Each structure stands twice: as structure tokens, then as C-alpha cells.
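*Asks:* Generate a structure from the sequence data that follows.
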Amino acid sequence: MRLLSTLGWTARVVVEAAKIIEPDENIVFYGYVDEIEEIRVKNALEEVKNSLGNVKEVRVDPMNFQDCLSKISNYMDDESVANITGGTKIMAFSLALRAALMDIPIIYVVTRNGKSFIKRVPVKLSASRRNFFRINGESTAMQILRLILEKPDGRIKMKELQIRLGKKYSTLSDAKRKLILANLVKEKKIGREKILIANDVAYLFGGDLL
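*Replies:* All right, here's what the predicted structure looks like:
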């Protein structure tokens, strides 16, 4: 099994995950934007290599989504686990997105009372390599998700979606079903009003990357 991890300034989030999972190989994606950050990231990388065996280091541009995604894709297979705890948001997003599309586990490390635990990120964008929807800003599902995440409370009425997107209710219902299946949103009914609410994991797909 292969553990793919994004690395920032802290080696612990990679080392602790590897100690718990005990992979056959550790693929560590790292990058930096200036000389000060370079020192901190390289120190963390050296600590990872000193603490773990069988480490493959892969440098990425931490602010370039396409670069991160393409390099991550070179190392991910069906036996992988994705650790998105470290690195920049773009690095973590790239790893999470590629993993979700391949239906492999996505994890992050949390620490409580001095002990480290692994949490599973409950996002699912495909089954048996069949994607639920297109991950781009043109698909109805992603247009809906974008509008939900624009709301301060992360929720929107189905009636408002109809008005703003100008699509048939059947089209919106099909896209809504896919978002629910992917665990990105949930639906709540108040009287006759149907409301879509973003789950926490949906915010991985927020902002300019949609």
C-alpha cells in the first residue's frame, strides 16, 4: 500500500499518519514559494526521511493546481491512501480531488491530548471508476455547489436555484441527487420548502478552484 501525503512546515502530520497506517511506500509532495519557506519545508522533509523508510519525495508548485494534480496523478493507484493534512490548500485540494475521483481513502491527522488520530474525509465522487458528475464549473452539480458555498450559512432553497440557474426542476433534482450521493450536501424540508445544505467536506471544493 502507498501513502500519498502533502507536506508543509510540519513533519509530524506525515510521520504520524505513516506510523498508524504502516504503508509499504511513502510518497511526499512538497513545495515552497520563497527562501524562508524553503528552509522550513526542507527541514520538515529531512525529518520525514529520517523518521520513515522508503520515502519518495516529489516537488510541486504549491500554488499551481494543474502542476500538483498532474504530479499526484503519476503516483496514485488503487492501493493508495491520501493524507491531506499538510501543505498548501491547493496541494491538499489536488490530492483530495484526485483521490475522490479514484474512490480511494482520504484522511487527515488530528491531535487530542497529545495523541494523534486519523480521521476519514467522507467525500465520494465516484464508484467503480464511474464519476458521479464532472468536476468543473459548467456542470449543473458544480454550479449548485458554488451557489451554496457563496451563502454565509452554506444553504440555499431549491426555488432560488431554479430562478438563478434557469434550469428545469428535473435537471436540478438529478444534480442534487449526485451531490447528496457524493456526501457534499444534504437536503432538509421545512414545510413545502426544500433546502440544500453544504456538508463540511464541500468546502474542499470552494473558492476559486470551482
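
*Asks:* domain parsing for the chain?
*Replies:* Per automatic domain parsing, the structural domains of the chain span 2-121, 130-209.

*Asks:* contacting residues around the closest residue to Leu45 other than its chain neighbours?
*Replies:* Excluding its sequence neighbours, the residue lying closest to Leu45 (Cβ to Cβ, 6 or more residues apart in numbering) is Tyr30, at 5.4 Å. Any C-beta I mention is one placed from the backbone N, CA and C, and that applies to glycine too. Listed by Cβ atoms under 8 Å, 6 or more residues apart in numbering, the contact set of Tyr30 reads 6-8, 41, 44-45, 57-60, 87.

*Asks:* Quick check on Tyr30: phi, psi?
*Replies:* In terms of degrees, to the nearest 10, the main-chain angles of Tyr30 are phi -140, psi 160.

*Asks:* one step back: reformat the domains of the chain as a markdown table; add mean pLDDT.
*Replies:* Putting the domains of the chain into a markdown table (pLDDT from 0 to 100) gives the following:
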| stretch | mean pLDDT |
| --- | --- |
| domain 2-121 | 92 |
| domain 130-209 | 84 |
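
*Asks:* ranking the ones you listed by burial, who's on top?
*Replies:* Neighbour counts (mean count of other Cβ atoms under 10 Å) averaged over each of those peak at domain 2-121, with a mean of 18.

*Asks:* okay, how far is it across that one, tip to tip?
*Replies:* With Cα to Cα, to the nearest Å as the measure, domain 2-121 spans 18 Å from end to end.

*Asks:* Okay, the spatially most central residue of the chain and Gly8: tell me how far apart.
*Replies:* In the chain, the residue lying closest to the centroid (Cα atoms, centre = their mean) is Ala96, at 2.9 Å. Counting by Cβ to Cβ, to the nearest Å, the gap between Ala96 and Gly8 amounts to 15 Å.

*Asks:* Look through this protein and tell me its longest helix.
*Replies:* Across the chain, the longest stretch assigned as helix under DSSP state H is helix 35-51.
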